[in-house]
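Participant: Sequence and computational prediction follow.
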Amino acid sequence: MTKKTDGKLLATGITGTLIAALCCFTPILAVLLGAVGLSAVLGWIDYVLIPALAFFSALTGYAVWRRQRSAQQV
């Protein structure tokens with residue numbers, strides 16, 4: 001992969017991790033879903049947010065690892 005692709009991978013991982021963390025640890029999502037009348041979905045939200053947080057955290061770790069590995073090869 002090129003440096004540009006590695007940068008996009010890292011940016012995607014960090015952005016996804018931050019969004020999932022905000023929705024998991026703050027009431028932002030509960031307030032937004034309640035405001036639009038979808039608060040019944042909140043019972044199922046943990047089945048999506050926790051795996052999403054794990055996936056994006058792993059993606060961020062992978063992107064950092066790839067960036068470090070490519071920096072060592074140069």
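Facilitator: Yes, it's here. Numbering: from 1, shown residues only.
Participant: Low-confidence regions, the chain specifically.
Facilitator: 1-3, 26, 74 (pLDDT under 70).
Participant: starting at the chain centroid, how far to the longest helix seen in it?
Facilitator: Counting by DSSP state H, the longest helix found in the chain is helix 46-73. Distance of helix 46-73 from the chain centroid (Cα atoms, centre = their mean, to the nearest Å) equals 9 Å.
Participant: What is that helix packed up against?
Facilitator: Helix 46-73 sits against helix 3-25, with contacts defined as 3 or more Cβ pairs under 8 Å, 6 or more residues apart in numbering; DSSP states H and E. Bear in mind the C-beta positions are built from the backbone N, C-alpha and C, glycine included.
Participant: Run through who's touching the helix it packs on.
Facilitator: With Cβ atoms under 8 Å, 6 or more residues apart in numbering as the test, helix 3-25 has contacts from 1, 28-29, 45, 49-50, 52-53, 55-57, 59-64, 66-67, 70.
Participant: which of these count as buried?
Facilitator: With burial judged by 16 or more other Cβ atoms under 10 Å, the buried subset of the contacts of helix 3-25 is 29, 49, 52-53, 56-57, 59-60, 63, 67.
Participant: Redo these as TSV? Include distance to residue 11.
Facilitator: Shown next, in TSV, are the buried ones among the contacts of helix 3-25 (distance: Cβ to Cβ, whole Å):
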residue	distance to residue 11
29	22
49	20
52	17
53	17
56	11
57	14
59	10
60	10
63	8
67	11
